[in-house]
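Asks: Below: sequence and its predicted model.
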Amino acid sequence: MSAALSVFYLNAQTLVPSKSAIGERKSRVAVAAGTTFSNPIARFCLFSSLVLIVSSLVNMQYRAVSDGSIFVALTPFVATLSVVFVTCMILHSRFAVLFISSFLLTAIGLSLLYNSAAILGISSFYYESRFSGLSLNPNQTAMHALSIIVTSLAVLFKLEDGHWLVKLLAMLAFPAALFFGFYTNSDAFIISLLPIALSVALVLSKRLFVTLKSAILIGIFLTALAATIMALLFPVQIASALDLFLSGLQTGNQDSDREILWRHGIQAWEASPIIGNGPGAWSGLAMPFQGMESHNSYIDWLTIAGLAGFIPFALSIGSTFRLNVVQHLTSYLAMLAILTFASFHFMFRLPIFWLPIILLQAEHISSFGLSLPRRRGGAIQTATRPPRGAARSA
């Protein structure tokens, strides 16, 4: 919906553009395209699509998926990567703020829809306790909520040019996503909120204290206070999250199903370590290749695309470290929250998983698109575009 609104706005700018306008538009498209290819997530999408196609061709003769066609399983992955690539193009254009605004507005609208579901007589619960919204999988709804939270933080901390209306949308979307994230009873969501709480606490404390050391100490205190309040308000969810976190320490016959799926997922990856086994679910409770996911984005991606797909992902995420740690500590913590959630579920195929990552990797967000940090001559420089019309006035 966000992309559709952006495209509609683009087409409605001029019905009969002049030659100068056409030339200027071509110039802007060229600049946006060049900036898009400099985006590490965009490059990851292109390369990973190629890896998945090659892996599908190589493995189609001796691998099968539950639906009988490995190319049927390939379609949603390529579609997701294509949507993410187009998103990169939009976010590096002058329609970035419009795209983000429409996304936040859509998120608020869906939150209101979730809230009115019971009034309208629509069943919105999963296994009688887990809020599902428009998804039968509560963890996908939790991932949407976490993505909205991180996107709202990115807008509040990185958006320039005084877009007060967009920041207002972010402030409305943040509490709504937080509420419905808790409503899912997702263990991974609870765990992922700890870096988010520390990030918000650091921002609030830096407004009151000058030194970074004082801000960190106050941030840790506020995070501990928030964790205590969460434990009092959501004791069942917190206990379940701690059990999930500690399950990896168990041995013998007490191994959790998730740990077994992780181990069998790694064994499935070892069968084809370079290019993976192709799109599909390759783990299982009894043995590998039983058509079950590992419930871990990194292990699942290794089983699907192998090292050829995992290394580009690691490099694209590693580009975040080009940001100044002191100035963008909140971005690091928010990125940690996203990556933590991905450790408990396979989220790479969801386009909304990638949106906050793209925003967090930016130096700042303005009316002329994202500004990415670049390394040149050992120093970090920011890739920016001059304001419209600046070249003609020079």
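Replies: Now that the structure is in, tell me what you want to look at.
Asks: Does L370 fall in a helix, a strand, or a coil region?
Replies: strand (DSSP: H, G, I helix; E, B strand; the rest coil).
Asks: Which residue ranges of the stretch 51-200 of the chain form helices?
Replies: Taking DSSP state H, counting those that start in this stretch, the helices of the stretch 51-200 of the chain run over residues 70-91, 96-116, 138-158, 164-183, 187-206.
Asks: which residues touch the residue nearest to I149 when sequence neighbours are not counted?
Replies: Sequence neighbours aside, A177 is the residue nearest to I149 in space, at 4.9 Å (criterion: Cβ to Cβ, 6 or more residues apart in numbering). All C-beta spots, glycine's among them, are computed from the backbone N, C-alpha and C. Each residue near A177 by Cβ atoms under 8 Å, 6 or more residues apart in numbering is listed here: A107, S111, H144, A145, L146, I148, I149, S152.
Asks: What subset of the residues you listed is buried?
Replies: When the contacts of A177 are checked for burial by 16 or more other Cβ atoms under 10 Å, the buried set is A107, S111, H144, A145, L146, I148, I149, S152.
Asks: I'd like the residues you listed as JSON lines, with pLDDT appended.
Replies: Formatted as JSON lines, the buried ones among the contacts of A177 follow (pLDDT from 0 to 100):
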{"residue": "A107", "pLDDT": "78"}
{"residue": "S111", "pLDDT": "64"}
{"residue": "H144", "pLDDT": "85"}
{"residue": "A145", "pLDDT": "87"}
{"residue": "L146", "pLDDT": "91"}
{"residue": "I148", "pLDDT": "91"}
{"residue": "I149", "pLDDT": "91"}
{"residue": "S152", "pLDDT": "90"}
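Asks: Show me where the stretch 201-350 of the chain has its helices.
Replies: Under DSSP H, counting those that start in this stretch, the stretch 201-350 of the chain gives helices at 212-233, 235-246, 257-271, 297-318, 329-342.
Asks: which of those has the lowest average pLDDT?
Replies: Out of the helices of the stretch 201-350 of the chain, helix 235-246 stands lowest, with a mean of 61 (criterion: mean pLDDT).
Asks: what's near enough to touch T340?
Replies: A188, I191, S192, P195.
Asks: 6 Å instead, please
Replies: The contact partners of T340, by Cβ atoms under 6 Å, 6 or more residues apart in numbering, come to S192.
Asks: now swap in Q327 and tell me
Replies: Q327 touches nothing, counting by Cβ under 6 Å, 6+ apart.
Asks: Next one: it relative to I41, how far apart?
Replies: 21 Å (Cβ to Cβ, to the nearest Å).
Asks: what do you get for F179?
Replies: F179 is 29 Å from I41, by Cβ to Cβ.
Asks: Those two: who's more crowded?
Replies: Using other Cβ atoms under 10 Å, the more surrounded residue of F179 and I41 is I41, with 22 against 14.
Asks: can you tell me which residues contact that one?
Replies: Counted by Cβ under 6 Å, 6+ apart, I41 has contacts C88, S316, I358.
Asks: Among those, which one is most surrounded by other residues?
Replies: Most surrounded of the contacts of I41: other Cβ under 10 Å gives C88, at 27 neighbours.
Asks: quick one: contacts for the nearest residue to that one once chain neighbours are set aside?
Replies: Once flanking residues are discounted, C88 sits nearest to A42: 4.1 Å by Cβ to Cβ, 6+ apart. Each residue near A42 by Cβ under 6 Å, 6+ apart is listed here: T36, F85, C88.
Asks: Same check on Q267?
Replies: Q267 is in contact with P288, counting by Cβ under 6 Å, 6+ apart.
Asks: repeat that with 8 Å
Replies: Applying Cβ under 8 Å, 6+ apart, the residues contacting Q267 are M287, P288.
Asks: Now do the residue nearest to V84 when sequence neighbours are not counted: how many residues are near it, please.
Replies: The shortest distance from V84 to any non-neighbouring residue, by Cβ to Cβ, 6+ apart, is to W354 (4.6 Å). Residues lying near W354 (other Cβ under 10 Å) number 24.
Asks: ok, W354 - contacts?
Replies: So W354 contacts I41, V84, T87 (Cβ under 8 Å, 6+ apart).
Asks: Can you tell me how far it is from L91?
Replies: Distance, W354 to L91, using Cβ to Cβ: 11 Å.
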